[in-house]
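Chemist: Build me a structure from this.
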Amino acid sequence: MSSSDEALGRAEALLAQLNQKREELEQLAKAEDIDGDAAVHLIADLAELAKQIEAELTRARTIVDADG
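Modeler: Residues are numbered from 1 along each chain as shown. Next comes the predicted model:
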């Protein structure tokens, strides 16, 4: 497996985590008594995961460009 494939694999795993957190946030939003602190925490988690995904995609692109 190449380094770019490994970076893409990590990005896919992070995307799965992001989708799980998004689903948690959607469920929280449907609750009658919304926990604001939990929502803020989930949004922060989503933002961090998005940054990590972007970093892995950038890493994969850099590797491919260098090999190109």
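Chemist: What strand or helix carries the spatially most central residue of the chain?
Modeler: Using C-alpha atoms, centre = their mean, the residue of the chain that lies closest to the mean C-alpha position is residue 49, 3.4 Å off. For residue 49, the host element (DSSP states H and E) is helix 36-67.
Chemist: Per-residue pLDDT of residue 1, please?
Modeler: Looking at residue 1, its pLDDT stands at 79.
Chemist: Name the nearest residue to it, ignoring sequence neighbours.
Modeler: In this structure, residue 1 finds its nearest non-sequential neighbour in residue 9, 7.7 Å apart by C-beta to C-beta, 6 or more residues apart in numbering. Where C-beta positions appear, they are placed from N, C-alpha and C, glycine not excepted.
Chemist: Tell me how far the one you found lies from residue 27.
Modeler: Noted for residue 9: a distance of 28 Å to residue 27, by C-beta to C-beta, to the nearest Å.
Chemist: Residue 42 too?
Modeler: The spacing between residue 42 and residue 27, counted by C-beta to C-beta, is 10 Å.
Chemist: Same check on residue 44?
Modeler: Using C-beta to C-beta, we find residue 44 at a distance of 17 Å from residue 27.
Chemist: Next: residue 47.
Modeler: 19 Å.
Chemist: Compute the inter-axis angle for whatever helix or strand residue 7 lives in and helix 36-67.
Modeler: Assignment of secondary structure by DSSP H and E places residue 7 within helix 3-30. Relative orientation of helix 3-30 versus helix 36-67 (axes from the mean of the first three to the mean of the last three C-alpha atoms, to 10 degrees): 160 degrees.
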